[in-house]
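[1] sharing a model prediction with you, sequence too.
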Amino acid sequence: MTMSDERRYRLAIWIVIASETLLFAGLFALYASYRAEYGHAFSEGVRDDLQWIGGTNTLVLLTSSFAIAWAVHAMRAGRARTARRCLELVIVLGLAFLALKLVEWGVHVHDGVVPGVAYSGPDHGPGTSLFFTLYFAMTGLHALHVVAGLALVTWVRVSQRPLALELVALYWHFVDAIWVFLWPMFYLMSSS
Amino acid sequence: MTGRTLIVTYAALVALALTSWLTASLGAGTGVALAFAAAKALAIALVFMELARAHAADRAIAAIAVFFVALLCAGALADVAFR
């Protein structure tokens, strides 16, 4: 049995996505474990994050996912110009997401909310600095994925290869799906 | 996927996001927030990532990855619960 090049590439991107999922899985498990142990500090830590930035960034990424899905839809229909405009919108939204993230990190660092032993922010008891260490580790790792995704989206915008667009779109949706879970973990779950 | 399906899915995702934001501000528990997240992720996977009509091998890879995430998180929680 032989596979077409397209089938091979599609299988490859799903393996990449599964591997990346398992990379985040370790951090999700750490979060679950520490939240179960330090519930109060984690609930209070959520309140210290900037809610409007978390919510706005969620809407930004969901919109970017829709835009890249529409780019694929348009490319399949032979509307290359629409696909290019959609990809440009994805790039703008991705940059907006990163800009808002940088603003939030800046506010935290200014307030002494930094990862590890240098933490000097609000004290909510044992586990407070752990919460923010995980916050920086997980949102930082996610932001690196956004940067990688933006580089790939820019490449397909320039190269205009239909199959590459479909594969990069899958990766971008994965990055969006990860954020869908990070949002409640660090911005919404203020109740135990 | 048709354009109409994509638009309806996007509208549903935004509605789910706004509802989870609202319920969290009203003091809903972690289970509610995670249920909304799972619903959004499922919509993204099935419609935007086209898993609903993907090759069986692609669906199997995605399902196994999600299963291992759940297994790892359950193991971590069990460790704390039975310590």
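    Great, that's in hand. Residues are numbered from 1 along each chain as shown, chains lettered A, B, ... in the order given.
[2] which element is A:S120 on?
    For A:S120, there is no enclosing helix or strand under DSSP states H and E.
[3] could you find the closest non-adjacent residue to it?
    Nearest residue to A:S120, sequence neighbours excluded (CB to CB, 6 or more residues apart in numbering or on different chains): A:G112, at 3.5 Å. Using the backbone N, CA and C atoms, a C-beta is placed for each residue, glycine as well.
[4] what's in contact with stretch A:6-20?
    Contacts to stretch A:6-20, defined as CB atoms under 8 Å, 6 or more residues apart in numbering or on different chains, come from residues A:3, A:145, A:163, A:166-167, A:170-171, A:174, B:55, B:57-58, B:61-62, B:64-65.
[5] burial of A:A164, as a residue count?
    Residues lying near A:A164 (other CB atoms under 10 Å in any protein chain shown) number 14.
[6] relative to A:S33, which of the contacts of stretch A:6-20 is nearest.
    B:A65 (19.9 Å; CB to CB).
[7] and the closest one, what helix or strand is that in?
    Counting by DSSP H and E, the element that carries B:A65 is helix B:56-81.
[8] by contact count, what packs against that helix?
    helix A:5-37 (3 or more CB pairs under 8 Å, 6 or more residues apart in numbering or on different chains; DSSP states H and E).
[9] measure A:D123 to chain B for me?
    Applying CB to the nearest CB, to the nearest Å, the value for A:D123 to chain B is 22 Å.
[10] next up, the contacts around that residue.
    By CB under 8 Å, 6+ apart, A:D123 has no neighbours at all.
[11] is it in a helix, a strand, or coil?
    Here A:D123 takes the coil state, with states given by DSSP: H, G, I helix; E, B strand; the rest coil.
[12] can you tell me the closest non-neighbouring residue to B:L72?
    A:A29 (4.3 Å).
[13] I figured that neighbour hits B:A78, correct?
    No - using CB atoms under 8 Å, A:A29 and B:A78 do not qualify as a contacting pair, with a distance of 10.8 Å.
[14] look at these two and report which has more neighbours.
    Taking other CB under 10 Å, A:A29 and B:A78 do not tie; A:A29 has more neighbours (20 against 12).
[15] got the contact list for that one?
    For A:A29, the contacting residues are B:72-73, B:75-76, by CB under 8 Å, 6+ apart.
[16] if I look at it, how far off is B:V69?
    8 Å (CB to CB, to the nearest Å).
[17] before we move on, back to that, okay, the angle between the helix holding B:A65 and helix A:5-37?
    Interaxial angle, helix B:56-81 versus helix A:5-37 (axes from the mean of the first three to the mean of the last three CA atoms, to 10 degrees): 10 degrees.
[18] may I see the buried residues of helix B:56-81?
    Going by neighbour count (16 or more other CB atoms under 10 Å in any protein chain shown), the buried part of helix B:56-81 is B:58, B:61-62, B:65-66, B:69, B:72-73, B:76.
[19] as CSV, these with distance to B:L51 and pLDDT would be great.
    Shown next, in CSV, are the buried residues of helix B:56-81 (distance: CB to CB, whole Å; pLDDT from 0 to 100):
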residue, distance to B:L51, pLDDT
B:D58, 7, 95
B:I61, 10, 96
B:A62, 6, 96
B:A65, 12, 96
B:V66, 11, 95
B:V69, 16, 95
B:L72, 21, 94
B:C73, 21, 93
B:A76, 26, 92
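[20] just curious, which of the residues you listed is nearest to B:A15?
    Distances from B:A15 to the buried residues of helix B:56-81, taken by CB to CB, are shortest for B:V66, at 23.5 Å.
[21] quick check: nearest residue in space to that closest one, chain neighbours excluded?
    Excluding the flanking residues, the one nearest B:V66 by CB to CB, 6+ apart is A:T21, at 7.3 Å.
[22] let me see the contact set for the one you found.
    If a contact means CB under 8 Å, 6+ apart, then A:T21 has A:174, B:65-66, B:68-69 as its contacts.
[23] any part of the host helix or strand of B:F36 near chain A?
    Using DSSP H and E, B:F36 falls within helix B:30-43. Yes - counting by CB under 8 Å from any CB of the partner chain, chain A has neighbours in helix B:30-43: B:30, B:33-34, B:36-37, B:40-41.
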